[in-house]
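Asks: I need the structure of the sequence given here:
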Amino acid sequence: MSRRVSPRPRCDRCNLPSHLCLCAEIPRVETRTRFLLLQHVMEIAKKSNTGRVASLALANSRLLIHGSPVEPLDTAVLSEPGTWLLFPDGPTAPPDAPAPRQVVVLDASWSQARRMTQRLPVLRTLPRLVLPPPEPGLLRLREPTHPSGMSTLDAIARAVAMLEGTEAAAPLEQLAALRVQRIAECGTLY
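Replies: The predicted model follows:
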């Protein structure tokens, strides 16, 4: 007879197990660029949900859910002027293009993100903000499935550095490193 183990309590805000809660360390990062996080419905309950943590840190952000059967996605916000898509391939903006006013970030696995771009035609029309591959030594919980793979929080930090400077991105980078460190120190208790 097996005994069912009840799940650890989670923080309602950052979704991490209560003993790993990052809420007290989440900075408030001001950016000129608006970040629109388009989160796949399957990411909502994941403990590794760094998109949620990023949206809590970014003052100029909005979190939308893709694939919810109860809340349809209003795609009009995706086609606002000056909107770019953070994605590793596709039509990049011309070198003389003005900086984006809004960046859409897909918070999903690679396969989910690809399907999102197929199912939302407006995403395919957006110029791409392409990040260089991550440097060796980037703290991670697991190896990525894509050569440019990194957590949503890491990707947003790198996009902020690219668009607004390394000083603006530093609090997000520190938060991402702290998250990985806490989870790694906790080991199997996660």
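
Asks: SS state for Leu37?
Replies: strand (DSSP: H, G, I helix; E, B strand; the rest coil).

Asks: Nearest residue to the residue sitting nearest the centre point of the chain in space, ignoring adjacent ones along the chain?
Replies: In the chain, the residue lying closest to the centroid (Cα atoms, centre = their mean) is Thr152, at 2.7 Å. Nearest non-adjacent residue to Thr152, counting by Cβ to Cβ, 6 or more residues apart in numbering: Gly51, 4.2 Å away. No exception for glycine: its C-beta is placed from N, CA and C like everyone else's.

Asks: Beyond the helix or strand where the one you found lies, next helix or strand please.
Replies: Assigned by DSSP states H and E, Gly51 belongs to helix 50-57. Per DSSP H and E, the first helix or strand lying C-terminal to helix 50-57 is strand 61-66.

Asks: Tell me the buried residues in that next one?
Replies: 61, 63-66 (16 or more other Cβ atoms under 10 Å).

Asks: Nearest to Asp74 among those residues?
Replies: Leu64 (8.0 Å; Cβ to Cβ).

Asks: list the contacts for the residue nearest to Thr152?
Replies: By Cβ atoms under 8 Å, 6 or more residues apart in numbering, the residues touching Gly51 are 37, 39, 43, 63, 105, 107, 152-153.
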